[in-house]
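> Mind looking at a prediction? Sequence and model below.
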Amino acid sequence: MGGLGLPCFQHYYWAANARALVYWQEGDAQELSANSPPWVAIERSGVTDSSLPALLFAAPISPAISGVNNLIVLNSLKIWKQIKLHCKLPETSVHAPVYCNHAFPPSLSDTSFKNWRLKGLNTLKNLYINKKFASFAMLKSYFSLPDTDFFRYLQVRNYVRTNIPNFISLMEENKLCKILLGSPGSKKLITSFVDVFAERINFTTDSLRSAWEGELGLRIGSEVWEEGLGRIRTCSINVYGCALVPDPQIALFGHSPSLRNCSISMQTTVVYGMVIAKKVILRLWKTDKVPQFKMWLSNFTEIIHLEKLRYVVGFSNKFCSIWQPVLDYLSRSKVDPNTRSVS
C-alpha cells in the first residue's frame, strides 16, 4: 500500500528481501546466466546438502541438516519463513526441485535424479501432465526415462503424496510463487510483492461506513465507498481549482455519483483537492483557528514540484492533462509555486 494509505513498512521490508529470493530460482542450474549477480554463486556455495530452490519451496529443516553455512542465506530464510506464515503458504510447493532437495533424501544420494533434471524433469510440477499426477509410463514416454527408474518414481511419488495434500490434481498457482519464478529484472517487482502481502490483511470497513452514514444522514453505496477507499490508497496530494456542487461524499471520500460524467483527469484532481483540504483541517483541529483558502493553496504549492517529477518520465502528457488547469488557476491567482506564497 502506498500513496495516502499509511504504508506497511514490514511489507516493504519483506518485499525488498524477497526481491533477492527471485534470483534463487537459478540456484540449482548447471551454470548461472550472465545476468545473475555474483552474489548468487556465493550464496549457492554456502549450501551443501540442499539447493537454493529447495530452501524456498521444500519443507524447512534445521540449517545444520541442510548444510547452510552462509549467514546471509540464513537471514533470508528467517524472513522467508515470516512471509510464508503471513501468506499462509504450504510447507512444500510443487516448485520444489526433484534433485538436490534436503526434504527428499534420495535426491541427495542418488545421482539418477540429476539425470532427471538434465532431461527436463526439474521440479515436482514437471511430474504433472494435464494438471494430473502422471504415471510412470507417461513420464517414461515424455522424458525418456529408463525402466530401471520405476523405483525412483515410487520414491518421489511417495514424497509428493506425503507433503502435498490432494496431490493427484495440480493446485492453482500461488501469486507469490508466480512472482518468485518471474524475471528478476521485471518492473515494479517490489510493488508486486507488497500488493500480494497487502491482500492478506483482512480489514473490514463496514463499521466505518455505517458510522459515516449515521453522521451524514444518508446512505453510502458500496460502489462509492469502495471507489473512495481505492482512491485514498493510490493518490498523492494535489488540488484542482474548479467549482463543484457541494457534496459530502466528494468531501469525505473523493468520489460521488455526481462525478461520473466528469473526465478522469478532473475526477483525479478533485479527489486530491479534497485530500489536501482535509489535511489543512486536521492541522488546525485542536486550535481555535479557522482554515483559510490561501492555506489550502499554499499546501498545494508545496507538492506541485514533486508531482511534476512523478510524471516527467514518460508521462508528461498526463501531467499536463491533470495539472494544466490548476497551473492556469495559480497563474491567474498570482500564486508562485517557487515561493510557496499566496498573494
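Alright, I've got the coordinates.
> so after the helix or strand containing Ala198, what's the next helix or strand?
Element membership for Ala198 (DSSP states H and E) is helix 189-199. Counting by DSSP H and E, the next helix or strand C-terminal to helix 189-199 is helix 206-216.
> Can I get that next one in CSV? Just the C-alpha atoms.
Coordinates of each C-alpha in helix 206-216 appear next as CSV, following Å, rounded to 0.1, in the frame of the first residue of the first chain:
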residue,chain,number,x,y,z
ASP,A,206,-18.3,-1.8,7.2
SER,A,207,-18.5,-0.3,10.7
LEU,A,208,-16.7,2.9,9.4
ARG,A,209,-19.2,3.2,6.6
SER,A,210,-22.1,2.8,9.0
ALA,A,211,-20.7,5.5,11.2
TRP,A,212,-20.4,7.9,8.3
GLU,A,213,-24.0,7.1,7.2
GLY,A,214,-25.3,7.9,10.6
GLU,A,215,-23.3,11.1,10.8
LEU,A,216,-24.3,12.3,7.4
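> tell me which residues of it are tucked away?
Within helix 206-216, the residues scored as buried using 16 or more other CB atoms under 10 Å are Arg209, Trp212. From N, CA and C alone the C-beta is placed, and that goes for glycine too.
> now it: how far from the chain's centre is it?
Distance of helix 206-216 from its chain centroid, counting by CA atoms, centre = their mean, to the nearest Å, is 30 Å.
> on that earlier part again, show me what the helix holding Ala198 is packed up against.
helix 9-21, helix 71-87, helix 175-180 (3 or more CB pairs under 8 Å, 6 or more residues apart in numbering; DSSP states H and E).
> now the ones you listed in a markdown table, with mean neighbour count?
Listed next are the helices and strands packed on helix 189-199 as a markdown table, based on neighbours: other CB atoms under 10 Å:
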| stretch | mean neighbour count |
| --- | --- |
| helix 9-21 | 17 |
| helix 71-87 | 15 |
| helix 175-180 | 18 |
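> can I get those helices in CSV with mean pLDDT and distance to Ala211?
CSV is the format used below for the helices and strands packed on helix 189-199 (pLDDT from 0 to 100; distance: least, CB to CB, whole Å):
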stretch, mean pLDDT, distance to Ala211
helix 9-21, 92, 27
helix 71-87, 92, 29
helix 175-180, 90, 33
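> To Tyr272, which of those lies closest?
Among the helices and strands packed on helix 189-199, helix 9-21 comes nearest to Tyr272, with 23.3 Å by CB to CB.
> C-terminal to the closest one, what's the next element?
Assigned by DSSP H and E, the successor of helix 9-21 is helix 38-45.
> just checking, what packs against the next helix or strand after that following helix?
Per DSSP H and E, helix 38-45 leads on to helix 52-57 as the next helix or strand towards the C-terminus. Here helix 52-57 touches helix 38-45, helix 71-87, going by 3+ CB pairs under 8 Å, 6+ apart.
> can you tell me which of those helices comes nearest to Val271?
It's helix 71-87; of the helices and strands packed on helix 52-57, that one is closest to Val271 (CB to CB) at 30.7 Å.
> any idea of the angle the closest one forms with helix 38-45?
90 degrees (axes from the mean of the first three to the mean of the last three CA atoms, to 10 degrees).
> Helix 71-87 - contacts with which helices or strands?
Applying 3+ CB pairs under 8 Å, 6+ apart, one finds that helix 71-87 makes contact with helix 9-21, helix 38-45, helix 52-57, helix 189-199.
> Could you export it as PDB, CA atoms only?
What follows is helix 71-87, C-alpha atoms only, in PDB (Å, rounded to 0.1, in the frame of the first residue of the first chain):
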ATOM      1  CA  LEU A  71      24.800 -16.100   7.300                       C
ATOM      2  CA  ILE A  72      23.000 -14.100   4.600                       C
ATOM      3  CA  VAL A  73      21.200 -17.200   3.400                       C
ATOM      4  CA  LEU A  74      20.200 -18.000   7.000                       C
ATOM      5  CA  ASN A  75      18.800 -14.500   7.500                       C
ATOM      6  CA  SER A  76      17.000 -14.700   4.100                       C
ATOM      7  CA  LEU A  77      15.400 -17.900   5.300                       C
ATOM      8  CA  LYS A  78      14.200 -16.300   8.500                       C
ATOM      9  CA  ILE A  79      12.500 -13.600   6.500                       C
ATOM     10  CA  TRP A  80      11.100 -16.100   4.100                       C
ATOM     11  CA  LYS A  81       9.600 -18.000   7.000                       C
ATOM     12  CA  GLN A  82       7.800 -14.800   8.100                       C
ATOM     13  CA  ILE A  83       6.500 -14.300   4.600                       C
ATOM     14  CA  LYS A  84       5.200 -17.900   4.400                       C
ATOM     15  CA  LEU A  85       3.400 -17.600   7.700                       C
ATOM     16  CA  HIS A  86       1.800 -14.300   6.700                       C
ATOM     17  CA  CYS A  87       0.700 -15.500   3.200                       C
END
